[in-house]
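# With the sequence up front, the predicted model follows.
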Amino acid sequence: MVRRYDEKMFDIDHLRETAERLKIWGKWGPDDEYGTVNYVEAGDVVEAAKLIKRGVTFALGLNFDNEGPQTGLWGNRFNPIHTMLATGTDAIAGTQDEGGIRYADDMVSLPLQCGTQWDALGHIFYDDKMWNGYDAALVTSGGAQKNAIHKMRDKMVGRGVLLDVARHLGVDYLEDGMAIESADLDATAQAQGVEIKRGDFVIVRTGQMEQRLDAGDWGGYAGGDAPGLAFETCEWIHDKELAAICTDTWGCEVRPNETTEAQQPWHWIVIPMMGITMGEIFYLKDLADDCADDGVYEFFFCGPPLPITRGVGSPINPQAIK
């Protein structure tokens, strides 16, 4: 069952043993840069499209604005800065008339991982390597020469499954530091009457984002403590052969981490060793409420990244269609 993060602490030796055991470099050849989205075949997309019964669409992206979750706790990430380059007052003032057209224009400055987003396969390194054994030095000041997010521009489409762990446990949200284990994921799927299949995009709901939105205070949401997936779920993800894993938290895994000898140890495994593209900061309330109402927890999922050349992440507004 869901437990406190510190009930099963481990050391760096266990992390490294797990990394070597779950490493699947070369599974799709020495030149692969797609990782586990390779599990999604054309027929899987066709079958996923058949899940659309009502034509109801749920946006899973948090709004990108200055009220976002970044509060300076993690690196150099900040909330989007929206700047108007031309406005209606410019038009009314007549300053645009010489050009023969009145208009508004704008721009946005933002870290690519400040809101709802994908982690690219070039985002996390295991020692000096990234996914499929590529050298970490291939991610330079010019961006990722390998495992960049733009390689996924025609991917991230298929069968989506929501695992509403919070609702299954009968709580509005999981508290910080609560670790979701593989048994919890299986129990939630069983209670929901949904089967996890190869090539699925699995989305796990903790309820934490909704709690912070309701409170009107992000607190330590982005960079601090959080409920999330236990380290041992690396095995579950590996065995299920998922295309991607996503949550409504900032980093998917439980915080504080289950070891004091590595930062974000789950990330160490799933991205560089297993080739999982990870989705974070997903907005799930509307989808979760609908799934609870109709009892259907599978849907057509579509969440391609922006084709940001050589990027190691991308903001997204993924869609679940039922």
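Now that the structure is in, tell me what you want to look at.
# how many other residues sit next to the residue nearest to residue 110 when sequence neighbours are not counted?
With sequence-adjacent residues excluded and distances taken as Cβ to Cβ, 6 or more residues apart in numbering, residue 110 is closest to residue 80, at 3.9 Å. C-beta: built from backbone N, CA, C; applies to glycine. Residue 80 has 18 neighbouring residues, counting by other Cβ atoms under 10 Å.
# what's the answer for residue 252, then?
Count around residue 252 with other Cβ under 10 Å applied: 28.
# can you pull the contacts of it?
Going by Cβ atoms under 8 Å, 6 or more residues apart in numbering, residue 252 touches 204, 228-229, 245-246, 266-267, 278, 280.
# check contacts around the residue nearest to residue 110.
Counting by Cβ under 8 Å, 6+ apart, residue 80 has contacts 64-66, 68, 108-110, 114-115.
# Ok, residue 15 next?
Counting by Cβ under 8 Å, 6+ apart, residue 15 has contacts 231, 259, 261-262, 265, 268-269.
# Quick check: the farthest pair among the residues you listed?
Across those, no pair lies farther apart than 261 and 269, at 14.2 Å, counting by Cβ to Cβ.
# which one of these two has more residues nearby?
The neighbour comparison of residue 261 against residue 269 (other Cβ under 10 Å) goes to residue 269, with 28 against 13.
# Residue 286 versus that one, what's the distance?
According to Cβ to Cβ, to the nearest Å, residue 269 stands 31 Å off from residue 286.
# repeat for residue 316
The spacing between residue 316 and residue 286, counted by Cβ to Cβ, is 16 Å.
# Mind checking which of the two has more residues around it?
The neighbour count for residue 316 versus residue 286, taken as other Cβ under 10 Å, is higher for residue 316 (24 against 14).
# Strands of the stretch 1-150 of the chain, start to end?
Taking DSSP state E, counting those that start in this stretch, the strands of the stretch 1-150 of the chain run over residues 3-4, 57-59, 81-86, 105-109, 117-119, 139-140, 143-144.
# in its sheet, what does the fifth one sit against?
Right, the one you point to is strand 117-119. The strands that strand 117-119 pairs with in its sheet are strand 277-280 (antiparallel), strand 313-315 (antiparallel) (by DSSP bridges).
# Pull out the buried positions in the next helix-or-strand element following the first one.
By that I understand strand 277-280. Following strand 277-280 in sequence order, the next helix or strand is helix 285-294 (DSSP states H and E). Buried residues in helix 285-294, counted by 16 or more other Cβ atoms under 10 Å: 285, 287-288, 290-291.
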